[in-house]
Structures are given as C-alpha cells and as structure tokens.
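Novice: Here is the input, now give the coordinates:
(chains A and B)
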Amino acid sequence: MSGGTLWSRWKALLARKETGEALAVFRILVGICALWAVVVPMRHDVAELLWSNAGYLGKGPDPSTLRWALWAGVASSSAMILGLGGRLSVFITLQVCVFFMTIHPLASGAHDRLIKNALWLLVLADSTATMSLDCRLKTGAWTSERLVSAWPRYLAIFQLFVMYQATGIQKISPEWTPFGGFSALWYIVRADMWMRFDADWLPYWFTQLSTAGTWLWEWCAWVFLYVFWCRDKRPPTHWANRFDLRTLWALWGIGMHMILYVLTVLGPLSWATLAWYACLWHPDEYRAGWRRLRGRWIVAWDLLNRTA
Amino acid sequence: MALPAPVGGASKSTRETPSVRDMITAASEVTGLSEDRVDALAFGTVESWIRLRKDALKPLRPYYKWAGTSQSWRMMAIINRRSGRLRVDINDAVAYRTADTGARWRAEVLESARVRGVLVRYAWRLDRKDYKQLAEWIIDEAHADFGPDAAVRVCMERAAIPGPGEPEPEARCTWEISR
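Specialist: Modelled structure (predicted):
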C-alpha cells in the first residue's frame, strides 16, 4: 500500500504544472554561458590551436569545418537566448559543446560540464513557452501564461543541491578544513595558472574566512534542500518558512562565486553555476517581482514627466 | 553521469601529500586508531565508491555520452601547494611567462582560460606527451616570429606556493625543450 502511495505521490509530483518564467530565465542565462564558451576561443585562434587538426595536438576537424561548427554553436546559442527553435536549438548547442569536449577533453573545464548538464535539462523541458520568439510567433505576444511541467525546475534545484553537497564532501584536502587552517583560497589565488592578478595584497584572514564560508556553506547544502521541502510541505509558520532562507542561501552563494570570479581565471564557471540559481524562484515570484519593478518604473517615469 | 565522485582524489600522489598525511596523523590522534587504519577507512571508502560508480554507469555510457551529462561534481577537491607556470625564452631572454606582466609574447593565446586549463595539467606534471607537442608548436611559432635561427627554450617553471609570511622560493625549470 505504502508503495502505491509513494508511486502516486511521485506521479503527482511529475504532473505538476506552472508557468514558464523560471525555465525561460534559466534558458536565457545558459544560452549566454554557452555563447561565451564558444565565442571566447574564437578570439586569437585559440579554438584552432585546441580543436583543429592544425592545432598543437593535430586532432579534430580541419580549420574550415571547425569554423562551421563554431558558427553553428554561435547561431544555436543565440537562438536559445532569443527563444527560437524550441528544443532543437538547445539540442544543437549541446551537440556542439559535446563535439568540442570530445576532441580535446583537457581543454574543457567544470563549466563545460555544468553547461552541458543544463542544456540536456533544457532539451527535456519546455523552456520557450514564454519570454521567447517562439511565443511571439505563436501567440503574437512575448509572454504567455501557458503551463509547463514543473519537474525540470525541481530537478535543477536538486542538481544544485547535489553539486554543492558533493563538492563540499569531496574537498578532501586539509587546506579546506580546520586541519589545514582554512588556507585553501590562499593557495588557489596564488597558483600561477589560476590567478587573475597578483594577490599579495589580500590578507590571510580574508582567504581563511572565504575558505571556511565556502566549505561550511557547501556542507550545509542539505539545509537548502530541507528549506525547499518545507516551503512545499510545511505551513508558513514553520521556522524554515518564517524567513526567506532560500534567498539568503542564494546571496551567500553569489558572494562566494563573485570572490572566485574576481580572483581567478576559470572561464565562465561562476556564471555557469549562477545560471542554475534562476530555478530557485517560483514563476509566481518572477511575475510578482516584474509587477513591482514595472510599478516602480511607472511611478518614476510619472515623477520625471511632472518634474520636466 | 551526474553522480558525485572524487576521481583523482584517491590517487597515490594525493595520499602521500604532506598536508594529507598531517590530516591523517591528526585524525589518528583524535580517534585513537592507527594511521594505517584511518588511511584505509578514508581512502578505502572513496575507492569503493569510485568503483561502484564506474560499474553503475557502464551500461549507461552511450546515453551520457550523447546527452553530455558526464559530471563528477568535483571542484578543487585537492589543493596543490606547488605552482607551475609556462616559460618561453627566445634568444636567452624571457619572452613569455605565465602571469608575468613583463613577458607577454603570445600571452593572449597562452593565457586564455582554455589554454590555462590545459597548462594546469602540465603544471601538475601530467600528460607529458601532450606537453611536448605544445612546446613544439610554441617553438614553431617563435621561429615564425623571430626567424628560424632564434634559440627557443620552453619549460614549466615550478615552485612551492609560499604560505603566509614565508619567503618566495626559487622556481625551477622542468620539462625543458629547446630548439
């Protein structure tokens, strides 16, 4: 009996619908990251060096085929940003990314894997229901209240939890822990291959604080998942629902990623991770946020006109 | 696939890192277990998980290959206290050195994020065969820019990253290739 209950709960979860704003924002942000990942190596012939048979490894397609593949990536990721072509443009972007990673796996980083995971999720999701050219062509409006499956957004939230929890647990170097004096960031920002600039001015206590903050925050990712569960299953008076702990958790994460972005050269890793954050908020919250923002603009515009 | 795994984190080089040994000694003192036992418990569990993950994912390989969902969610699990940088000498002068503002020949290529990602492997003394191919390419480019008679030397300069308050150690050129 309990198995049947579990199964029906699972089916009910998969059958949940919501409007598509969160997935649309996720699609746009992932599209920008994918475009970045393809366009940046086109500068100074870096792509040719790494991914063509004229490069240093001599592996991959000839330079002209490579250019076609790169431009296909530019076109498909741009179409994704605009919301044109539905799942097809996302799938093409994904295949372009898979193609480059297969040629020279060492030339790809964690950000490529994050982008590819997000792209596959977007292939499965209906991310162009609103805020897209597809929506404009179908309905005559840029936005729509058409309902889409909610599970891709839930899966994105679960992937964020897995990513941070696993990354936290797998930080096995003592430098991440009190045993190593929380010194990890001190060494990371001084590694020649990662440093963005000379970090000698950075005080040791700051790197210790950032290391401890990152490590503890990642280890506590299960709290973030619990908070989401409480938002769904517990009344608003429950302790986890009295404050928006989810936004607090997100702000902490944004801060950590910004520190990493400013101090190190890791490609679009921080942006590729933060793109997933778009799924943290319910579509209703996006709509309410947009209404508030538009209301303020109208007030400001009125005020400006009256003053003029 | 997108299942966590500290791939590389259980390697012999990681286990023998002085900082990891210090941590095992500390854990041994706290728990009262022998160092060998702590080592076996910590790394044995990691190794078992990696094996289990590999076996579980084997039948799904075609799926995650084409879906592009290979991700072990391991980010900066290991901190390497030794840093490495690429150095190119042309006619006995330093033409390029990673992050050196005074030696910028071909820096826009050699310091792009993707090339840096490759160089990190060489800085950690991995994939030497690939490194040799990159060095040969650099030498060819230098000869194209400075003439075929230019003396070009490529190496990976390695040095320990100094801890807080420690002096900057002398860097050593390794994996030297010249033509």
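
Novice: The strand or helix carrying A:Ala79 packs against which elements?
Specialist: Under the criterion of DSSP states H and E, A:Ala79 resides in helix A:63-82. Secondary-structure packing of helix A:63-82 (3 or more CB pairs under 8 Å, 6 or more residues apart in numbering or on different chains; DSSP states H and E): helix A:21-39, helix A:46-51, helix A:86-103. To be clear about C-beta, it is placed using only N, CA and C from the backbone, and glycine gets the same treatment.

Novice: which element follows the lowest-mean-pLDDT helix or strand in chain B toward the C-terminus?
Specialist: In chain B, no helix or strand scores lower on mean pLDDT, DSSP states H and E than helix B:12-15, which sits at a mean of 66. Next along the chain after helix B:12-15, taking DSSP H and E as the criterion, comes helix B:18-31.

Novice: Go ahead and name everything in contact with that next one.
Specialist: For helix B:18-31, the external contacting residues (CB atoms under 8 Å, 6 or more residues apart in numbering or on different chains) are A:172-175, A:177, A:179-180, B:14, B:33-35, B:37-39, B:42, B:79, B:81.

Novice: Please repeat the previous calculation with a cut-off of 7 Å.
Specialist: A:Ser173, A:Pro174, A:Glu175, A:Phe179, A:Gly180, B:Thr14, B:Ser34, B:Glu35, B:Val38, B:Asp39, B:Arg81 (CB atoms under 7 Å, 6 or more residues apart in numbering or on different chains).

Novice: Turn the residues you listed into CSV, including neighbour count.
Specialist: Listed next are the contacts of helix B:18-31 as CSV, based on neighbours: other CB atoms under 10 Å in any protein chain shown:
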residue, neighbour count
A:Ser173, 24
A:Pro174, 24
A:Glu175, 25
A:Phe179, 18
A:Gly180, 21
B:Thr14, 19
B:Ser34, 10
B:Glu35, 13
B:Val38, 19
B:Asp39, 17
B:Arg81, 19
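
Novice: out of those residues, what pair is the most spread apart?
Specialist: Spatially, the most separated pair among the contacts of helix B:18-31 is B:Ser34 and B:Arg81, at 26.3 Å (CB to CB).

Novice: Could you list the low-confidence segments of chain A?
Specialist: A:1-4 (pLDDT under 70).

Novice: and if you look at chain B?
Specialist: Looking at chain B by pLDDT under 70, you get B:1-19, B:71-75.

Novice: Please, which helix or strand holds B:Tyr96?
Specialist: Per DSSP H and E: strand B:93-97 holds B:Tyr96.

Novice: Which positions in the helix or strand just after that strand come out as buried?
Specialist: Heading C-terminal from strand B:93-97, the first helix or strand you meet, by DSSP H and E, is helix B:107-110. Buried residues in helix B:107-110, counted by 16 or more other CB atoms under 10 Å in any protein chain shown: B:Ala107, B:Val109, B:Leu110.

Novice: could you pick out which of these are near chain A?
Specialist: B:Val109 (CB under 7 Å from any CB of the partner chain).

Novice: In JSON lines, list the buried residues of helix B:107-110 along with distance to A:Phe91.
Specialist: Listed next are the buried residues of helix B:107-110 as JSON lines, based on distance: CB to CB, whole Å:
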{"residue": "B:Ala107", "distance to A:Phe91": "37"}
{"residue": "B:Val109", "distance to A:Phe91": "31"}
{"residue": "B:Leu110", "distance to A:Phe91": "34"}
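
Novice: will you turn the helices and strands packed on helix A:63-82 into a markdown table that also has mean neighbour count and distance to A:Phe224?
Specialist: Formatted as a markdown table, the helices and strands packed on helix A:63-82 follow (neighbours: other CB atoms under 10 Å in any protein chain shown; distance: least, CB to CB, whole Å):
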| stretch | mean neighbour count | distance to A:Phe224 |
| --- | --- | --- |
| helix A:21-39 | 24 | 17 |
| helix A:46-51 | 24 | 36 |
| helix A:86-103 | 21 | 27 |
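
Novice: Now render those helices as TSV, adding distance to B:Ile90.
Specialist: Shown next, in TSV, are the helices and strands packed on helix A:63-82 (distance: least, CB to CB, whole Å):
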stretch	distance to B:Ile90
helix A:21-39	31
helix A:46-51	19
helix A:86-103	30
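
Novice: Distance to chain B added to those helices, as a markdown table?
Specialist: Listed next are these as a markdown table, based on distance: least, CB to the nearest CB, whole Å:
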| stretch | distance to chain B |
| --- | --- |
| helix A:21-39 | 9 |
| helix A:46-51 | 5 |
| helix A:86-103 | 4 |
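
Novice: What strand or helix carries A:Trp229?
Specialist: helix A:221-233.

Novice: packing partners for the helix or strand following that helix?
Specialist: Using DSSP H and E, the next helix or strand after helix A:221-233 towards the C-terminus is helix A:239-242. On a contact count with 3 or more CB pairs under 7 Å, 6 or more residues apart in numbering or on different chains; DSSP states H and E, helix A:239-242 meets helix A:221-233.
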